Structures are given as C-alpha cells and as structure tokens.
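# Need coordinates for the below:
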Amino acid sequence: MTTRRDIKKHSLVRAIALAGLPMLVLGSAGVSAQSNSELEQLRERVQVLEEKLEGAVSTAPELSEDNPYILREGDGLKIGDTTISFGGFVKADMIYGSNGNGSKNTYSIGLPRTFASAAASGKSDWKAGFTARESRLSIGTETDEVAGHKLRTYIEMDFHQGIGADGNEVVSNSYSPRLRQAYGNWNGWDFGQTYTTFSDLAAMPEILNQGKQAAFIYTTQPMLRYTMAAPGGKLMVALENPEDGFGSTSYDDQSYPDLTARYQIRGNYGFYSVAGMLRNLEDDAAGDTEVAGAVSLSARIPTVGRDDLRLQYSYGALGRYMGLFTYPDVDLGAQAAGKVEPLNVYGATAAYRHFWSPAWRSTVSASHTEIVDDLEFSPAGTLSYFDSSTSVHANLLWSAHKNLILGLEYAYWDFGEIASSGSKQYEQVMASAKLSF
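Coordinates of the predicted model:
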C-alpha cells in the first residue's frame, strides 16, 4: 500500500534546506561588498530549495510489502557483475473440509470445482488433511550494465503437482518440484513465464488458501510483455500463451496468441487498473473459430491506518483465467454439436484487510461468479453440475516478524446447480504456518 510520510515533514524540509545555507554563505564570503540584491537572491534560492525538498518528501511513497506472494527484492551474493539472491518459504497447512473432503495431498483437491464436487457428494462428515506442498523456492539474479540496462532473472518452484503425478501419503509424501515462474526482465521487456498481465496482484486478497476464490483472476503462463511509463503509472502489453482447454483437456492448439494489456495508476489513493484481453478460440474438428474478449477493473484503496479495500470486477470470455478454471472457455454442449461458442461470465471480488495491531491482522473476502449467456444446448453437457459459485473467506493472521505468519481461516462456498434453482454448500477450516527466507 502506498502512503505518504507527512509526520514532521516541514521540519525535515527546513532542516535540510538550512543545512545547505552555510555552504551558500561561505561560497560568497570572499565578496567584501555584498549587495542587498545578492542577499535577496540567496534567500530566493533557499526558498526554491525548500519547496523542491518539500515536494520530494510529500510525493515519495513509504515502502511496504505488497501481498506476500509477490516477488520481493533483497540482498544477495555478488559474483562479478551479477548479484544472486535466494528466497522462498516453507508453508505447512492443515485443512479440515466438509462433505468428506479432507483435501488429499494432491493438486486437484483444493480447486473450486473439487469443492463443488464434494458439495454435491451428499456426504456429511468432515475430513482432515495435512500438506506442505505449497512451499516454494526461488532464485533471482541482477546483472549491471547489459547493453546499457540491468538484466534480471527469476525462477520459482513449488511442489503442487497434478493428481496423476508420482507421490503419495502412505509412506514418504515425496513430490517433485514444479515450475511456477521463470522469466527475465531487460529494458522494459519480460521474457518467460509469470503471472498473466490480465491479473492485478495488487488487488489480490490476503487469504491462506491463495488463489482459491470463486472469481479472482489468477493464472501464470509464458509470455512476451513490454512495460512502459504512462501518466500516473504504467502500461503493460503482452502476447501470452493461448489455450482453450478445461482442466487437463486441451481442445486444439491455437493459431494466435492471447493479447493482453493493463493500465495501472499508482498514487496517494491506492492502485487502480483496467485490463483487456483478446482471444482466438478454435476447434479443428468442428471447423469453427471465434474471437472473444474480456475486461477487468481492479483497485486497492487505503482506508484507515494500514487497512485497505481490494476490489476486482471482470466480464467476458474469462474461462481458464478466472477462479482456477471455474468454467470452460467454450460451451461444451455447443462444442459437441460442432460449434465454438465462447462462454461469457462475470466475476466480482471484494476484500477488506484490517490491522488489529502491528502483529495481528484479518481479511474478510467475498467472491462471486456466474454465467451470463443463455445456454442454447444441453446444460448438463456444459458444466455438469453448477453455473454459479460464491466464496467467503475470513481469517486471523499473526505476524510478529515479516518472515513468520501463523493463521487460521474459515471458508464457505455456495454452488448454484445448473439444472435447477437449488444450490450446494461446502465449508473448510484451514490453519497455516508460513516461514519465509
């Protein structure tokens, strides 16, 4: 969150200005007959200096950590012209879920669609599960003066493999590393895999089960992106990896990359951004192609003290970009009938973070998404069991040090059944310990 340092601002500015006054006076000490006009010029110069310093102090943002999942910069080991830094965290989670879902130690358990499946199971018992697979390891480098600019690289891994990957909970609980991010930055260009330009990490709510909300935009993928300065902030434009699959199913390779753009304003009153996306959806078997798009608005607004309000609204052919593929990119019923029909949905997320004290804080987050298109073909073939979802998260976090976060979180989900006006519910309690390095 960006704030201004206004405590004793004028005293600081005047002290700095007056500290430079003796040098100005000494510089003119050799002049024996200094006129009144020269003294007046000296006073004007001091006044100008004071005004410039006051402006610098008032507009300089106070540095603070963003969401802990955002890449942070730190000291490192310098070898030649390159500084190498290591980071990451160990995250231990205990999950207690309703409807017979104790969150098995696999990646697919813990996605919104899995919660919906558990909600529809008809089971009433609660199950417990433990995992440390979200733990991450990252390596970053910074090299000075590469063709006149700094060159930065970043690689990040965790252990959240897919459900079919090797590893089990019976004996070893061993799992292989999984690539999350791998990209480089040079002269405003990003090359490699990182968070999609269509997502605004500044607006992401701080919840323990990160990314697992009904409607938040949360995707990483390979891309080519350029970032440039713009009035009040920055403009990002990218070509990103195209895909229109659902879960582990890929319909067809796409002919054109996804085009994404984001304009972000950062000022005294928070972060505000608008993003757009164009996609080419095609099915070779059906011989059909459709161009679709989506827009997203987001903000992080400082309120009282260190508190903040985070908002996001998205509309369009969001598909895999939203809620960890809550919905397919196309109407599956229409696809079975030989047509490519983008599935238009909307999603809204609002979260408020409150600091009870410097060490204690809480976030309450609500997120909702729903299909807005009339389903021309069989609803059952489109999504099988739900066409809307709502999630609510509430937590209490204790962080006596920036490298240690202990938390407890409650989550409630409601899934609207696609074939009726009824709904199914799922609940989850999660306890986490996050130790960063």
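
# can I see the domain layout of this structure?
Structural domains assigned to the chain are 9-59, 87-436, following automatic domain parsing.

# Among those, which comes closest to residue 79?
Comparing the domains of the chain against residue 79 with Cβ to Cβ, the closest turns out to be domain 87-436 (9.5 Å). From N, CA and C alone the C-beta is placed, and that goes for glycine too.

# correct me, but residue 203 touches residue 308?
No: distance between residue 203 and residue 308: 9.7 Å, which falls outside the contact criterion (Cβ atoms under 8 Å).

# hmm, back to that, tabulate the domains of the chain (a markdown table), appending mean pLDDT.
Putting these into a markdown table (pLDDT from 0 to 100) gives the following:
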| stretch | mean pLDDT |
| --- | --- |
| domain 9-59 | 50 |
| domain 87-436 | 87 |
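
# Could you export the helix or strand containing residue 156 as PDB, CA atoms only?
In this structure, residue 156 is located in strand 149-158 according to DSSP states H and E. C-alpha atoms of strand 149-158 as PDB (Å, rounded to 0.1, in the frame of the first residue of the first chain):
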ATOM      1  CA  HIS A 149      20.400  -1.700 -18.900                       C
ATOM      2  CA  LYS A 150      20.000  -4.000 -15.900                       C
ATOM      3  CA  LEU A 151      19.200  -7.700 -16.600                       C
ATOM      4  CA  ARG A 152      17.100  -9.500 -14.000                       C
ATOM      5  CA  THR A 153      16.000 -13.200 -14.000                       C
ATOM      6  CA  TYR A 154      13.700 -15.100 -11.600                       C
ATOM      7  CA  ILE A 155      12.900 -18.800 -11.200                       C
ATOM      8  CA  GLU A 156      10.300 -20.100  -8.700                       C
ATOM      9  CA  MET A 157       9.300 -23.600  -7.900                       C
ATOM     10  CA  ASP A 158       6.800 -25.400  -5.600                       C
END
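
# Just say which of the domains of the chain is most tucked in.
When these are scored by mean count of other Cβ atoms under 10 Å, the highest mean neighbour count falls to domain 87-436 (a mean of 18).

# Leaving out chain neighbours, which residue sits closest to residue 435?
By the measure of Cβ to Cβ, 6 or more residues apart in numbering, the closest residue to residue 435 outside its immediate chain neighbours is residue 90, 4.8 Å from it.

# Backbone torsions only: list them for the one you found.
phi -100, psi 130 (degrees, to the nearest 10).

# Then residue 117?
Here is the backbone geometry of residue 117 (degrees, to the nearest 10): phi -60, psi -40.

# and of the domains of the chain, who's closest to residue 80?
Ranking the domains of the chain by distance to residue 80, with Cβ to Cβ as the measure, places domain 87-436 first at 8.5 Å.

# and the end-to-end length of that closest one?
Across its full length, domain 87-436 reaches 7 Å end to end, with Cα to Cα, to the nearest Å as the criterion.

# what does stretch 208-224 give?
30 Å.

# roughly how far apart are the spatially most central residue of the chain and residue 264?
To find the centre residue of the chain, average its C-alpha atoms and take the closest one (Cα atoms, centre = their mean): that gives residue 201, at 2.4 Å. With distances defined as Cβ to Cβ, to the nearest Å, the gap from residue 201 to residue 264 amounts to 10 Å.

# now do residue 345
Per Cβ to Cβ, residue 345 is found 24 Å from residue 264.

# next one: residue 116
For residue 116, the distance to residue 264 equals 33 Å [Cβ to Cβ].

# now swap in residue 310 and tell me
Counting by Cβ to Cβ, the gap from residue 310 to residue 264 is 14 Å.

# Over to residue 297?
Taking Cβ to Cβ, one finds residue 297 at 11 Å from residue 264.

# Common neighbours of those two, please.
When contacts are counted by Cβ atoms under 8 Å, 6 or more residues apart in numbering, the set common to residue 297 and residue 264 consists of residue 273.

# Now that we have the domains of the chain, can you turn them into CSV and tack on distance to residue 80?
As requested, the domains of the chain are arranged in CSV below (distance: least, Cβ to Cβ, whole Å):
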stretch, distance to residue 80
domain 9-59, 34
domain 87-436, 9
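
# residue ranges for the strands of the stretch 201-350 of the chain, please.
220-230, 233-240, 258-267, 270-283, 288-302, 308-316, 345-355 (DSSP state E, counting those that start in this stretch).

# so what strands line up beside the first one?
Take DSSP bridges as the rule and strand 220-230 pairs in its sheet with strand 189-195 (antiparallel), strand 233-240 (antiparallel).

# Dump the strands of the stretch 201-350 of the chain into CSV; add distance to residue 415 as well.
Supplementary listing: the strands of the stretch 201-350 of the chain in CSV, determined by distance: least, Cβ to Cβ, whole Å:
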stretch, distance to residue 415
strand 220-230, 25
strand 233-240, 29
strand 258-267, 28
strand 270-283, 25
strand 288-302, 22
strand 308-316, 19
strand 345-355, 14
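
# Of all those, which one comes closest to residue 188?
Sorting those by Cβ to Cβ, the top spot, which is the nearest, belongs to strand 220-230 at 5.2 Å.

# outside of the closest one, which residues touch it?
With contact meaning Cβ under 8 Å, 6+ apart, strand 220-230 is reached by 180-181, 188-197, 234-241, 243, 260, 263.

# Recalculate using a threshold of 7 Å.
Contacting residues not belonging to strand 220-230 are listed as 180-181, 188-197, 234-241, 263 [Cβ atoms under 7 Å, 6 or more residues apart in numbering].

# cool, stretch 175-187 as well?
The set of residues that contact stretch 175-187 without belonging to it, under Cβ under 7 Å, 6+ apart, is 133, 146, 149, 151-161, 165-167, 190-194, 220.

# In JSON lines: the strands paired with strand 220-230, plus distance to residue 96.
JSON lines is the format used below for these (distance: least, Cβ to Cβ, whole Å):
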{"stretch": "strand 189-195", "distance to residue 96": "30"}
{"stretch": "strand 233-240", "distance to residue 96": "37"}
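
# on that earlier part again, isn't the residue nearest to the centre of the chain up against residue 210?
No: Residue 201 is not in contact with residue 210 according to Cβ atoms under 7 Å; the separation is 10.6 Å.
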